[in-house]
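> Next input, structure requested:
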Amino acid sequence: MTLATALDAAWTAPTIDYHALAPEIVLAAGLCVVLLVDLFTTERNKWLLSILTGFSFLGAALPVLTLALHDDPVRSLFDGRYVVDEFSLVMKGLFLLSGYVIVLLSSSHVEEGDYWRGEFWFLLLTSVLGMVMMSSSRDLVSVFVALEFLSIPSFMLAAWRKRDPKSNEAGVKYFLLGVFASAVMLYGMSLLYGLANSTLLVDIADSIALDGEFGAVQALAVVFVVVGFAFKVSAVPFHTWAPDTYEGAPTPVTAFLSVASKAAGFIALVVLVLTALPDARDVWQPFIWVLSALTMTVGNIFALRQTNIVRMIAYSSVSQGGFVLMPLAVAGGAAGESALRAVVVYLVAYAATNLGMFGVIIAVSRKTRSGEIASYGGLFSYAPALGVLATIFLASLAGIPPLGGWIGKFAAFQALLTDATPWAYALAVVGAVNSVIAFGYYGNIMREIWMRPAPHGDTAPVVTPSSLQIALGITVAATLVIGVLPGTVLYLGDLADLVGAFRG
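Below is the predicted model of the structure:
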């Protein structure tokens, strides 16, 4: 037997499941088409780019649906390094629908010339592609590549308005702190690889148990990885980039960062701690407990002091991240499956509500040209529909039944009570106090909308583009359905079973 024959016998081509990879393939094809159309179309036809981007997101959602309806939705590719399971499908659906709503929010600015260039849509598609990849990544290399794939376009989107000093500041702060966080996280990942001699998450789970000669190094690796992701989800004290970045970035980009990008960071953190580090819970659970308590409290305190609504929503987003971290603080114990469900439910409810609130902010700012909370005075008197929508979204963010936000908070508190430990009860008390505090700044905006007069007596009607109306319709419908029929989102939470988790 010749050497060539022996090599041919030993090597077999890997089997690629194109159905499992269809969402990623559709997005990759979509961003290539957007780039080519932008290159060869005239300026007056640039509006086509937003439509192509929207259809790319909807087209990628179709194989997600067919995979979910398949008899066996769990598919493992590349020796278990890329897994399509119920958890990843739910998250892919969330990212794709959020991306579509962002397209609608951004399209409302097209007539003003803000987003005519195809690079904006290319970067948006690329970032969402990274998020979709993140949902299925079960290997340190694929996790890091997906994370950078979604982060690098976000840096450029934050600084999209290059002639605006605040937008430049937003991009630079986000980039510098993001690179630093990536370096810390990558160092932690390199330690995990050195200890486990593998980048596969399930192999790392078999090697990291905080015991033996290298127990201290294992603990250090876990801390570095959690710190890296704490930046991505803007957890206190790694949140300092968020307020300036959210305020300086274009409003649709801010909506994108506060919902989709933050959710992707949480998904990566969930996958790592539950799949790769279940036996290191004695390190990451107390750490996440402290991060959750600090993030809720500090975010709320600073939000109370804000007069700019986008900056207030930025600190609100920080605080909401603390509520998402609450169930993760007990995910390594008896409440493991409840914690995973709570994270999924909270992210879905929060995405619908927060995107809707940003839709209202975009609509009102088209008239007022101001981001001040005082500019919302008398909104109900001259734009009653927007006033009602804003009230619905704010009340949902505050967790008031029967709107979507309440079921997210309910699921988070339920996970803590299921754990039934003193530390879980203590965190539940912190969360309850912060829920009351949060109503203070949400209620302040409602007071402006319903009880204060319009600034300077300007009661001219608000002109809302059709794309923005569609986005508001989608988000308010989702917010109401999730709140009134919580079984829908709870079903998604129960469905989102993370293969390989809860092994410890």
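> And residue 322, how far from residue 435?
Distance of residue 322 to residue 435, given as C-beta to C-beta, to the nearest Å: 11 Å. Using the backbone N, CA and C atoms, a C-beta is placed for each residue, glycine as well.
> Between these two, which is the more surrounded one?
More crowded of residue 322 and residue 435, by other C-beta atoms under 10 Å: residue 322, with 28 against 20.
> Can you name the residues bridging to the closest residue to residue 143 other than its chain neighbours?
In space, residue 143 comes closest to residue 137 once its chain neighbours are excluded; the distance is 4.5 Å by C-beta to C-beta, 6 or more residues apart in numbering. Bridge pairing for residue 137 (DSSP bridges) gives the partners residue 82.
> Could you list the low-confidence segments of the chain?
Scanning the chain for pLDDT under 70 picks out the ranges 1-14, 108-116, 212, 496, 498-504.
> Where does the residue positioned nearest the centre of it sit, in terms of helix or strand?
In the chain, the centroid-proximal residue (C-alpha atoms, centre = their mean) is residue 263; its distance is 2.0 Å. Per DSSP states H and E, residue 263 falls inside helix 262-271.
> Using neighbour counts, pick out the buried residues of the very next helix or strand once past that helix.
Counting by DSSP H and E, the next helix or strand C-terminal to helix 262-271 is helix 281-304. Neighbour counts over helix 281-304 (16 or more other C-beta atoms under 10 Å) mark 281, 283-285, 287-289, 291-300, 302-303 as buried.
> Kindly report the same for stretch 422-442.
Under the neighbour-count criterion of 16+ other C-beta under 10 Å, stretch 422-442 has 424, 427-428, 430-431, 434-435, 437-439, 441-442 buried.
> same check, this time on stretch 136-143
For stretch 136-143, a neighbour-count test (16+ other C-beta under 10 Å) marks 136-140, 142-143 as buried.
> what's near enough to touch the closest residue to residue 201 other than its chain neighbours?
Nearest residue to residue 201, sequence neighbours excluded (C-beta to C-beta, 6+ apart): residue 276, at 4.0 Å. Counting by C-beta atoms under 8 Å, 6 or more residues apart in numbering, residue 276 touches 140, 192, 201-202, 204-205, 208.
> okay, now residue 330: neighbour count?
29.
> wait, what's in contact with the residue nearest to it when sequence neighbours are not counted?
Excluding the flanking residues, the one nearest residue 330 by C-beta to C-beta, 6+ apart is residue 419, at 3.9 Å. If you count contacts by C-beta under 8 Å, 6+ apart, residue 419 has them with 330, 333-335.
> Nearest to residue 90 among those residues?
Closest approach between these and residue 90, by C-beta to C-beta: residue 335, at 19.5 Å.
> Now do the closest one against residue 323, distance only.
15 Å.
> Same question for residue 42.
48 Å.
> Show me which of those two is the more surrounded one.
When neighbours are counted by other C-beta under 10 Å, residue 42 and residue 323 differ, and residue 323 comes out ahead with 25 against 6.
> That'll do, ta.
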